[in-house]
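A.B. asks: I need the structure of the sequence given here:
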Amino acid sequence: MTDRIIVGTLGGAFGVVGEVRLKSFCADPESIADYAPLTTEDGKTFPMLVMTGRVKGGFTARVQGIDTKEEADALRNVSLYAERSKLPNLPDDEYYYADLEGLSVLDTGSEPLGTVKKVVNHGAGDLLEIQLVGQSETVLLPFTLANVPTVDLSAGRIIVDAPDGAFPEA
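C.D. replies: Numbering: from 1, shown residues only. Just a heads-up that it's a prediction; the model follows:
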């Protein structure tokens, strides 16, 4: 498990005085500000974030240390991370994406299928992108209880019961 969890992304400038567009991945989207300081992939730290409004698909915010439109524009598509210790504990059947990425994927007969490359959500539910064993291609599998009956974080694996044809025949 990782010490940092992605909690949102910045979408560049909103206006001309350094405000940014913000997309929150938190269950309560406005709670993202509670998890500051937030950091970027490259280690830049934002000690404070203040929500200033709503826009389609997200929010506007002031980020401490960002004062100009140019500085805000430079943050387009930058991911924001919070320390895991600041985030709430999840119920047994919920997971942070970062905890699933890298897990081994086995079928119900314990045959290795691949590794979770990443978890994506394009609006219709979570999908596991699975890197197939010994191949460069990946498979997308809906992350549902029917398809993924077992997630064992301590063992570093998930068991999938995928529908016929979801994985290419070996």
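A.B. asks: low pLDDT regions in the chain?
C.D. replies: Low-confidence regions of the chain, defined by pLDDT under 70, span residues 1, 170.
A.B. asks: neighbours of G11, how many?
C.D. replies: Here the neighbour count serves as a burial measure; for G11 (other Cβ atoms under 10 Å) it reads 21. (Each C-beta comes from the backbone N, C-alpha and C, glycine too.)
A.B. asks: what's the closest non-adjacent residue to it?
C.D. replies: In this structure, G11 finds its nearest non-sequential neighbour in R21, 3.4 Å apart by Cβ to Cβ, 6 or more residues apart in numbering.
A.B. asks: that neighbour - that's part of a strand, no?
C.D. replies: Yes. With DSSP: H, G, I helix; E, B strand; the rest coil as the criterion, R21 is part of a strand.
A.B. asks: do you know how far it is from D67?
C.D. replies: In this structure, R21 and D67 are 16 Å apart, going by Cβ to Cβ, to the nearest Å.
A.B. asks: these two: who's more crowded?
C.D. replies: Counting neighbours by other Cβ under 10 Å for R21 and for D67 shows that R21 has the greater number, 21 against 12.
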